[in-house]
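Chemist: The amino acid sequence is not available; the structure is as follows:
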Ligand SMILES: Cc1cc2nc3c(=O)[nH]c(=O)nc-3n(C[C@H](O)[C@H](O)[C@H](O)COP(=O)(O)OP(=O)(O)OC[C@H]3O[C@@H](n4cnc5c(N)ncnc54)[C@H](O)[C@@H]3O)c2cc1C
């Protein structure tokens, strides 16, 4: 049978794309190489701009913590906290979250095939098809590569050749430590609704502690080119955390994985085919956030394919609207994030303490986390609000100067 759309990979990108394709009435096949639920190395923080795409319709039991704030630890030991009265995200276990999204796509009408390992794909003006490890093959009018950072689809179609460049992708190591409810409360000083980010020795990467109900997700990530001796760095990071929070951390396993990157400078579209999510490289180069971008790119791809099908178009040009949509939506964040990433910790050390506790700073951080503005919009929002906030800001700056160590 010829499907209208074949989606390879049932992560957030593929499942959102498959859901939307099915919603448009397209005959959709979603192929996943693992049995669901499958493990995925990830901190499990899903920011609000991703949740918005499923209209917040997530079963309660999948939500580990509701997140209302961010805390940044600085190199000199100080910390800066931004807390909002609005929800900015949640934490989840990826295995369960991703399975929910895949079943949701299947309930909407997509055919979900687990244990379907795609080993090759082809796409031309005339046809698109995939070959599976078990010998099966499927034909489709369109093909969506949602198979993550090591994408077979991108390789088969000759897209994103610079993916192997270690300056363009990230590398991370993480795990969930079971500490019980009490441990989570102790580690978070009674407030598990805050995501904590901190610098990692050597300043080329960052670490995180993301609270779940009875676990702490702890990890480090950075540009792959800098992440030598990853295991030692990770161990030294979590042992430092253990000492600081006063909660014993029993390591069961370390999980390591590449992160996508440089998506906006890559070619993600060809005749009949589009790459989405990590396969396309859509990860925030500063924070390593990728789930919401994966979901949004899946939504864009489905809408572009739906339009192209309606116009009976299968050529690269018709699908290239996808690249424009992604560029428009993501470039404000990605470009600014890469620029800041280069001077990351020194800039953070300068700006964050000065913004600490300020209402405007918390509001701006909330808007970014909720996807209401991008990083690049921050200066405009601040300048617009400056006259109103001026007296409070001056007071804040003076106070932080007086408190800052010489
Ligand atoms: C250590 C680490 C921590 C992170 N923490 C966060 C975080 O807290 N918040 C956040 O927003 N982002 C985080 N990210 C990034 C985030 O995990 C990714 O951006 C996100 O998972 C991308 O989703 P995706 O659907 O594109 O790909 P994936 O989630 O990787 O899904 C790809 C799917 O394709 C399947 N697949 C792969 N190959 C094939 C094949 N050949 N055939 C069939 N199926 C295949 C896989 O089994 C998988 O199910 C983190 C990344 C890492 C490495």
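Modeler: Received, thanks. Being a predicted model, the structure only gives us computed values, none of them experimental.

Chemist: Sketch out the helices for this protein, chain order is fine.
Modeler: Using DSSP state H, the helices of the chain run over residues 12-23, 48-51, 94-107, 152-157, 180-187, 230-245, 291-310, 316-319, 321-355, 359-369, 378-403.

Chemist: With mean neighbour count as added columns, please give those helices in JSON lines.
Modeler: C-betas here are computed from N, CA, C, even on glycine. Shown next, in JSON lines, are these (neighbours: other C-beta atoms under 10 Å):
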{"stretch": "helix 12-23", "mean neighbour count": "29"}
{"stretch": "helix 48-51", "mean neighbour count": "22"}
{"stretch": "helix 94-107", "mean neighbour count": "20"}
{"stretch": "helix 152-157", "mean neighbour count": "23"}
{"stretch": "helix 180-187", "mean neighbour count": "16"}
{"stretch": "helix 230-245", "mean neighbour count": "17"}
{"stretch": "helix 291-310", "mean neighbour count": "24"}
{"stretch": "helix 316-319", "mean neighbour count": "17"}
{"stretch": "helix 321-355", "mean neighbour count": "17"}
{"stretch": "helix 359-369", "mean neighbour count": "20"}
{"stretch": "helix 378-403", "mean neighbour count": "12"}
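
Chemist: Need these in CSV (columns: distance to the ligand and mean pLDDT).
Modeler: Converted to CSV, those look like this (distance: least, C-beta to the nearest ligand atom, whole Å; pLDDT from 0 to 100):
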stretch, distance to the ligand, mean pLDDT
helix 12-23, 3, 98
helix 48-51, 7, 92
helix 94-107, 6, 98
helix 152-157, 4, 95
helix 180-187, 16, 97
helix 230-245, 10, 94
helix 291-310, 3, 97
helix 316-319, 18, 96
helix 321-355, 12, 71
helix 359-369, 11, 80
helix 378-403, 20, 69
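
Chemist: How about residue 365: what's its closest non-neighbour residue?
Modeler: Distances taken as C-beta to C-beta, 6 or more residues apart in numbering put residue 82 closest to residue 365, at 4.0 Å, once the chain neighbours are dropped.

Chemist: contacting residues for the one you found?
Modeler: Taking C-beta atoms under 8 Å, 6 or more residues apart in numbering, we find residue 82 in contact with 69-71, 355, 361-362, 365-366.

Chemist: quick one: contacts for residue 91?
Modeler: By C-beta under 8 Å, 6+ apart, the residues touching residue 91 are 43-46, 63-65, 67, 195, 210-212, 217.

Chemist: Looking at the residues you listed, which is nearest residue 25?
Modeler: Nearest to residue 25 among the contacts of residue 91, counting by C-beta to C-beta, is residue 46 at 28.1 Å.

Chemist: thought that closest one was touching residue 97?
Modeler: Yes - using C-beta atoms under 8 Å, residue 46 is in contact with residue 97, at 6.9 Å.

Chemist: partners of the closest residue in space to residue 191 that isn't next to it in sequence in the sheet?
Modeler: Computed as C-beta to C-beta, 6+ apart, the closest residue to residue 191 that is not its neighbour in sequence is residue 69, at 7.9 Å. Under DSSP bridges, the beta-bridge partners of residue 69 are residue 83, residue 194.

Chemist: what's the neighbour count on residue 69?
Modeler: Neighbour count of residue 69, defined by other C-beta atoms under 10 Å: 20.

Chemist: Okay, the residue most central in space within the chain and the ligand: tell me how far apart.
Modeler: By C-alpha atoms, centre = their mean, the mean C-alpha position of the chain lies nearest to residue 290, the distance being 1.5 Å. Counting by C-beta to the nearest ligand atom, to the nearest Å, the gap from residue 290 to the ligand is 2 Å.

Chemist: what residues does the stretch 1-150 of the chain put near the ligand?
Modeler: The interface of the stretch 1-150 of the chain toward the ligand, taken as C-beta under 6 Å from any ligand atom, is made up of 8-14, 31-34, 38, 40-45, 117-118, 146-148.
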